[in-house]
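K.L.:
what's the 3D shape of this:
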Amino acid sequence: MKTIKEMPEHSRPREKLREKGASALSDEELVAAILGMGTAGMDVRTIARQVAGLIREHKAGLTLDHLQAVPGVGLAKAGQILSAFELARRHLLKETVKIVCAQDVLPLVADIAGKQQEYFVCISLNGANEVIEKRVVTIGLLDKSPVHPREVFADVIADRAAAVIFAHNHPSGDLQPSEADRRTHEQLTEAAKILGLRVLDHVIVTKKGHFSFQEAGLIR
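P.N.:
Here you go, the predicted model:
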């Protein structure tokens, strides 16, 4: 395989992007355009081909660990790719995401499913149940992540949201809500009512699957 420098200039990813637009590039070319160059002994096109395969395999669940397992991809290159994903998620993708059931929430929280600390996430939605924003509210140690309504709802109010979805992960792998989870959910639900917000669901995720308060009949 030719290196980028050995290719005709019009065929190089960044030059092709300039002339034809990003939509004309293949997945591998888009990754190569982001990375720019490879490393000693590892051409960027070879790296890009492997990274593009990981993207197609893991989609929203892609992590730094996945990327850094590719020879030639260190923290800097992995960070470039994930940062590009996050910018797209924040400013391009969220406008088209509508929540109908728990399954619709899972791609939005796939990034926390395997975390070793407990992440508590709040997703704000408009009146049509379309995602406005997803935010990590707290990051705790193991299964202890205290959540206060003030921290949860401050930005939700600024969003002028009509509804919210809560989500958190269980590093232990246990999908069932703990007593602490139930107390936190009840406290947040009461606060949401006072603020005139609907709580659509509260989803617990692990590598094994998910638990939905809505599906379990625990949303009132």
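K.L.:
for this structure, which spans come out with low pLDDT?
P.N.:
1-11, 92-96, 141-146 (pLDDT under 70).
K.L.:
can you give me the helices for it?
P.N.:
Secondary structure of the chain (DSSP state H): helices at 13-20, 27-35, 44-58, 64-68, 75-88, 102-109, 149-158, 179-195.
K.L.:
now these in JSON lines, with distance to Gln117 and mean neighbour count?
P.N.:
The way it works is simple: take the backbone N, C-alpha and C, and place the C-beta from them, glycine included. Converted to JSON lines, those look like this (distance: least, Cβ to Cβ, whole Å; neighbours: other Cβ atoms under 10 Å):
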{"stretch": "helix 13-20", "distance to Gln117": "37", "mean neighbour count": "15"}
{"stretch": "helix 27-35", "distance to Gln117": "28", "mean neighbour count": "21"}
{"stretch": "helix 44-58", "distance to Gln117": "20", "mean neighbour count": "18"}
{"stretch": "helix 64-68", "distance to Gln117": "15", "mean neighbour count": "15"}
{"stretch": "helix 75-88", "distance to Gln117": "18", "mean neighbour count": "15"}
{"stretch": "helix 102-109", "distance to Gln117": "14", "mean neighbour count": "19"}
{"stretch": "helix 149-158", "distance to Gln117": "16", "mean neighbour count": "16"}
{"stretch": "helix 179-195", "distance to Gln117": "15", "mean neighbour count": "15"}
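K.L.:
could you dump those to a markdown table with distance to Gly173?
P.N.:
Listed next are the helices of the chain as a markdown table, based on distance: least, Cβ to Cβ, whole Å:
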| stretch | distance to Gly173 |
| --- | --- |
| helix 13-20 | 41 |
| helix 27-35 | 32 |
| helix 44-58 | 19 |
| helix 64-68 | 18 |
| helix 75-88 | 24 |
| helix 102-109 | 16 |
| helix 149-158 | 25 |
| helix 179-195 | 15 |
